[in-house]
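K.L.:
only geometry, no sequence info:
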């Protein structure tokens, strides 16, 4: 970790990485956050930090009595779930052809029952989470669409992977969020926050850091709508996980014992440095002492099951993944398809077209370097190697 503190910054910026590994534009974004009137104690940037919309992804920001939609992020409640099976590669007697056949059969069935990208379910999912939904304008407006999106993967860097751990056991891992519902909520309240900041001449360096007071109804409404999106995202992942377990064989999983779930775009009240503050984690996950978390790599690299160490300097947080090394368009434009396919040799689901290179291994930072830079934040429990995957 190293620290930046300049004259115009109210609090220091603590970066959990080596100098030079975080792009300068990301650091400049976080310097602006450090100069806001509402920021508390210090700002933390995780080792996967990279430039985001308004605020860097991989940031942890504690505030006093305000909530900042842009620091929560657009895909509210985006997160990970993973579960270990009792299936072992030795169950196939290490016959590569048999393993590949099973994986391809599972992926085919998963694609049939879980829509990806912009696709939705044909019929609404009348889940119980909608029964006591808050009566807020933006939620009412998006309700019909949200019901059809529940149980869908989405696009971008969202994925479903079948992986294997060090002992040969198979895992299922999913990365997904609140779909368009979270984005609509984020945009709606961020627009309101910007309008209020302009009206009252708020002392913030950019409108991207516009805030809502937790003493006012609008701040409370956003906080409640955000929490509904967290519930939606959690339920979305669990529905997909349930379908995949049925495809592989439900008898091979112990949901109560082995299921892990953690989200990485949210804000929550916590106590740090002797005060109750609102901790925003944008592309960062909880790593309180004993918390079991998930840190995925890229589609061709390892992912990790970790246990939090409860480091107060990171506000009990860690990275949410490897972090992008280049933007999606740059990856499509500059990466070489054959080279990325070679890096994923033996993994079912490697990029097939130049467009799919947006999520290729080289578009991301080295996950092992990221893990080395946060060994004071988490300890590794399992290293998972990808066998097959579906990208959103």
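P.N.:
Good, I have the coordinates. From a predicted model like this one, the values you see are computed outputs, not experimental measurements.
K.L.:
from here on, just use CA atoms for contacts and neighbour counts.
P.N.:
Noted.
K.L.:
who's in contact with the longest strand belonging to the chain?
P.N.:
Counting residues, the longest strand found in the chain (DSSP state E) is strand 378-391. For strand 378-391, the surrounding residues in contact (Cα atoms under 8 Å, 6 or more residues apart in numbering) are 103-104, 107, 116, 155-166, 171, 287, 299-310, 318, 346-349.
K.L.:
check contacts around residue 54.
P.N.:
29, 70-71, 208-209.
K.L.:
can you rerun that using 6 Å?
P.N.:
Residue 54 is in contact with residue 208, counting by Cα atoms under 6 Å, 6 or more residues apart in numbering.
K.L.:
give the rounded mean pLDDT of stretch 18-25.
P.N.:
Taken as a whole, stretch 18-25 carries a mean pLDDT of 93.
K.L.:
what's the answer for stretch 379-387, then?
P.N.:
For stretch 379-387, the per-residue pLDDT averages 97.
K.L.:
helix or strand next in line after the helix ranked longest in the chain, which one?
P.N.:
If you go by DSSP state H, the chain has its longest helix at helix 217-248. For helix 217-248, the succeeding helix or strand toward the C-terminus, using DSSP states H and E, is helix 255-258.
K.L.:
centre of the chain to that following helix, how far?
P.N.:
22 Å (Cα atoms, centre = their mean, to the nearest Å).
K.L.:
residue 202 sits in which helix or strand?
P.N.:
Per DSSP H and E, there is no helix or strand for residue 202.
K.L.:
give me the phi and psi for it.
P.N.:
Note on residue 202: its backbone torsions stand at phi -60, psi 140 [degrees, to the nearest 10].
K.L.:
what's the burial count for it?
P.N.:
Applying other Cα atoms under 10 Å, we find 16 residues neighbouring residue 202.
K.L.:
check the secondary structure at residue 293 for me.
P.N.:
What DSSP: H, G, I helix; E, B strand; the rest coil gives for residue 293 is strand.
K.L.:
that one touches residue 308, doesn't it?
P.N.:
No: counting by Cα atoms under 6 Å, residue 293 does not reach residue 308; the two are 7.2 Å apart.
K.L.:
neighbour count: those two, which is higher?
P.N.:
Ranked by neighbour count (other Cα under 10 Å), residue 293 and residue 308 place residue 293 first, with 28 against 23.
K.L.:
what angle sits between the worst-scoring helix or strand of the chain on mean pLDDT and helix 217-248?
P.N.:
Least confident helix or strand, the chain: helix 96-113 with a mean of 85, by mean pLDDT, DSSP states H and E. On the basis of axes from the mean of the first three to the mean of the last three Cα atoms, to 10 degrees, helix 96-113 is oriented at 140 degrees to helix 217-248.
K.L.:
okay, the angle between helix 96-113 and strand 378-391?
P.N.:
Counting by the same axes, to 10 degrees, helix 96-113 lies at 70 degrees to strand 378-391.
K.L.:
just checking, next helix/strand downstream of helix 96-113?
P.N.:
In N-to-C order, the element after helix 96-113 by DSSP H and E is helix 137-149.
K.L.:
would you mark the buried spots in that following helix?
P.N.:
Judged by neighbour count using 16 or more other Cα atoms under 10 Å, the buried positions of helix 137-149 are 138-139, 143, 146-149.
K.L.:
show the end-to-end separation of stretch 284-293, please.
P.N.:
From its first residue to its last, stretch 284-293 covers 11 Å (Cα to Cα, to the nearest Å).
K.L.:
pull the distance from it to the chain's centre.
P.N.:
The answer for stretch 284-293 is 13 Å, by Cα atoms, centre = their mean.
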